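**Q** With the input below, show me the fold.
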Amino acid sequence: MNLALWIAAGFLAVLALSSGIQKTFVPKDKLAAFHQRTLAYGWTADASVGFLKTLGVLELLAAAGLILPAALGIAPVLVPVTAVCWILLMVGAVITHVRRGESVFVLVCVIYLAVAAFIAWGRFVLEPFTG
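**A** Now for the predicted structure:
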């Protein structure tokens with residue numbers, strides 16, 4: 001179970017890192033144009049630059065919070081706390097995509113939410129980092 005939890009956390013961390021880098025460092029017009037061409041995440045054209053940057057920074061923090069506390073042995077309880085925060089982020093993403101009628105992305109966000117719930121449940125209940 002510990003290995004499955006590490007794999008899930010690694011998966012979400014890579015996802016959060018790549019998404020956070022895009023939203024934080026790619027200019028909004030390029031990001032929106034790319035997303036319009038690929039039919040992905042049309043909401044970025046409607047969002048403010050500040051909102052995108054804030055969301056990107058939160059995703060970068062999530063990437064770090066899913067791995068580093070446990071890997072370094074410093075406040076490993078932050079791993080499931082970060083997973084709960086990711087769940088909240090995905091609830092917001094689901095609401096946004098439902099409002100925009102983007103059903104494929106709703107499903108993707110629900111999957112990410114389920115992985116985060118697995119990590120939170122696993123690290124709070126099944127395999128907590130206690131030593």
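
**Q** does the nearest residue to Tyr112 once chain neighbours are set aside sit in a helix or strand, and which one?
**A** Using CB to CB, 6 or more residues apart in numbering and skipping the chain neighbours, the partner closest in space to Tyr112 is Met90 (5.3 Å). All C-beta spots, glycine's among them, are computed from the backbone N, C-alpha and C. Using DSSP states H and E, Met90 sits within helix 78-100.

**Q** mind listing what's buried in the following helix or strand past that helix?
**A** Remark: after helix 78-100, the chain's next helix or strand is helix 103-121, criterion DSSP H and E. For helix 103-121, the buried set under the neighbour-count rule, 16 or more other CB atoms under 10 Å, comprises Phe105, Val106, Val108, Cys109, Tyr112, Leu113, Val115, Ala116, Ala117, Phe118, Ile119, Ala120.

**Q** For the protein, name the helix or strand with the lowest mean pLDDT.
**A** helix 28-37 (a mean of 74; mean pLDDT, DSSP states H and E).

**Q** For it, what is the distance to the chain centroid?
**A** Remark: helix 28-37 is offset 20 Å from the chain centroid, using CA atoms, centre = their mean, to the nearest Å.

**Q** Restrict the helix or strand just after that helix to CA atoms and write it as CSV.
**A** Sequence-wise, the next helix or strand downstream of helix 28-37 (DSSP H and E) is helix 49-72. Provided in CSV are the C-alpha atoms of helix 49-72 (Å, rounded to 0.1, in the frame of the first residue of the first chain):
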residue,chain,number,x,y,z
VAL,A,49,-3.4,36.9,-15.4
GLY,A,50,-3.3,37.2,-11.6
PHE,A,51,-5.7,34.3,-11.2
LEU,A,52,-3.6,32.1,-13.6
LYS,A,53,-0.3,33.0,-11.8
THR,A,54,-1.9,32.3,-8.4
LEU,A,55,-3.3,29.0,-9.5
GLY,A,56,0.1,28.1,-11.0
VAL,A,57,2.0,28.9,-7.8
LEU,A,58,-0.6,26.8,-5.8
GLU,A,59,0.0,23.9,-8.2
LEU,A,60,3.8,24.2,-7.7
LEU,A,61,3.4,24.2,-4.0
ALA,A,62,1.1,21.2,-4.3
ALA,A,63,3.8,19.4,-6.3
ALA,A,64,6.3,20.0,-3.5
GLY,A,65,3.9,19.3,-0.7
LEU,A,66,3.0,15.9,-2.1
ILE,A,67,6.6,14.6,-2.1
LEU,A,68,9.1,16.7,-0.2
PRO,A,69,7.7,16.5,3.4
ALA,A,70,7.8,12.7,3.3
ALA,A,71,11.0,12.4,1.3
LEU,A,72,12.8,14.7,3.7
